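[1] Fold the following and give me the result.
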Amino acid sequence: MNRSWIMRGAPGRWMLALGFFTVASVVLIIPLIVGVLWSLVDPDAGWFPPAIVPPSLSLANWRAMLAVPEIGQAFAMSFLIAPIVTALCAALALPTGYALGRRQLRARRTIELLVLAPIILPGIVLATGLGSMFIRLGLSHTVAGVVLVQTVVLLPFMIRIVAATFEGVPQDLIDAARNLGASPWPLARDVLIPLVRPGLFAGGLFTFIGSLEEFVLTFIVGMPYVQTLPVLLWAYLGGRSSIFTYAAVVTMVLLVPTIILMFVAERTLKQEYLAAGFGKV
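    Next comes the predicted model:
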């Protein structure tokens, strides 16, 4: 009986897998392939219907992008700001995530709503309000201002992941540490932080990627003196007449760091470790 049920269920699983692969191909793989092809289109030949693939491929678009003088400085600025934003978000998310994940707070829903407010508001509205405030504080056009404004918008993601991880920490472990005489600081250092390390890694990964790709807030607060990679690439894009080819190049450049980071995370961490980062284990 059990064997016959498995045999009947096998075609259903294959159909489900095929359906998932089809959806993934349409949503992710095909647009990625089209983007790569557009970035390699020969400017002299173009790519017009009904051609399925470009008639001629060239690296001219990539050479033009890499010839931008400020590309190296923007790359270094992005990878300077992203680790600082990630570390700052982690430091702020730990106590906030603990309070939301382990404490019985009367106004918990209100606090969660306030925490999520920066990502609920439209980006341009948030950027305009923070930009005007940073001008008054003397933080506009500075690296410190860009770090703070990115922290404001990326911190809710880190807090949500860390809070979910704290919720999954067994209370028995905390009670056992307290019964053995652990004071608050050793309890946090030796028990809580190691247990929520998956959440910190998962949140840090998304925060780092979000900082690398953040454009609107960085543009309003940092320009023209602080140029990260997205700001420079979109400024470069705006000065080009062949919008599709250069947009594809910009997309690939911004996508490559994300793919590399996700690949490294998948190679270095077990699936259950990443799952624990979202409070699922």
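
[2] Trp234 sits in which helix or strand?
    Assigned by DSSP states H and E, Trp234 belongs to helix 229-238.

[3] now Met15
    helix 2-24.

[4] any idea of the mean pLDDT for that helix?
    What helix 2-24 shows for mean pLDDT is 65.

[5] low-scoring pLDDT stretches of the stretch 51-200 of the chain, where are they?
    105 (pLDDT under 70).

[6] for it, what spans make up the helices?
    For the stretch 51-200 of the chain, helices defined by DSSP state H, counting those that start in this stretch occupy the ranges 60-66, 71-102, 108-120, 123-137, 143-167, 171-179, 184-187, 193-195, 197-213.

[7] Which one of those helices lies nearest to Leu37?
    helix 60-66 (11.3 Å; C-beta to C-beta). All C-beta atoms are positioned from the backbone trio N, CA, C, and that covers glycine.

[8] Buried ones in the closest one, by neighbour count?
    Neighbour-count burial for helix 60-66, counted by 16 or more other C-beta atoms under 10 Å, picks out Asn61, Ala64, Met65.

[9] what's the very next helix or strand once past the helix holding Met15 in contact with?
    Counting by DSSP H and E, the next helix or strand C-terminal to helix 2-24 is helix 30-39. Applying C-beta atoms under 8 Å, 6 or more residues apart in numbering, the external contacts of helix 30-39 come out as 47, 53-54, 57, 61-62, 244-245, 247-249, 251-252, 255.

[10] Which PyMOL command selects the buried ones in the residues you listed?
    Buried members of those, defined by 16+ other C-beta under 10 Å, are picked up in PyMOL with:
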select buried, resi 47+54+61+244+245+247+248+249+251+252
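
[11] which among the contacts of helix 30-39 gets closest to Leu187?
    Closest to Leu187 out of these is Leu255 (41.6 Å), distances taken as C-beta to C-beta.

[12] element containing the closest one?
    Under the criterion of DSSP H and E, Leu255 resides in helix 243-268.

[13] ok so, going back, could I get the contacts of helix 30-39 as TSV with distance to Arg136?
    Shown next, in TSV, are these (distance: C-beta to C-beta, whole Å):
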residue	distance to Arg136
Trp47	49
Val53	53
Pro54	50
Leu57	51
Asn61	42
Trp62	42
Phe244	41
Thr245	41
Ala247	36
Ala248	40
Val249	38
Thr251	36
Met252	39
Leu255	36
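
[14] what's near enough to touch the residue nearest to Ile119 when sequence neighbours are not counted?
    Nearest residue to Ile119 in three dimensions, chain neighbours excluded: Pro156, at 5.2 Å (C-beta to C-beta, 6 or more residues apart in numbering). The neighbours of Pro156, taking C-beta under 8 Å, 6+ apart as the test, are Val115, Leu116, Ala117, Pro118, Ile119.

[15] I figured the first one was touching Phe157, is that so?
    No. Proximity of Val115 to Phe157 does not meet the contact threshold set by C-beta atoms under 8 Å, at 10.1 Å.

[16] Among the buried residues of helix 60-66, find me the one that's closest to Val125.
    Met65 (31.1 Å).

[17] Which residue comes closest to the closest one once chain neighbours are left out?
    Counting by C-beta to C-beta, 6+ apart, the residue nearest Met65 is Val249, at 5.0 Å.

[18] related to what we said a few turns ago, let me see the mean pLDDT of the helix holding Leu255.
    On average, helix 243-268 scores 75.

[19] and the chain, what are its domains?
    Residue ranges for the domains of the chain, per automatic domain parsing: 2-61, 70-276.

[20] highest average neighbour count across those?
    domain 70-276 (a mean of 17; mean count of other C-beta atoms under 10 Å).

[21] Look at the residue lying closest to His141 once chain neighbours are set aside and give its secondary structure.
    In space, and not counting its chain neighbours, His141 is closest to Tyr225: 4.5 Å by C-beta to C-beta, 6+ apart. Three-state assignment for Tyr225 (DSSP: H, G, I helix; E, B strand; the rest coil): coil.
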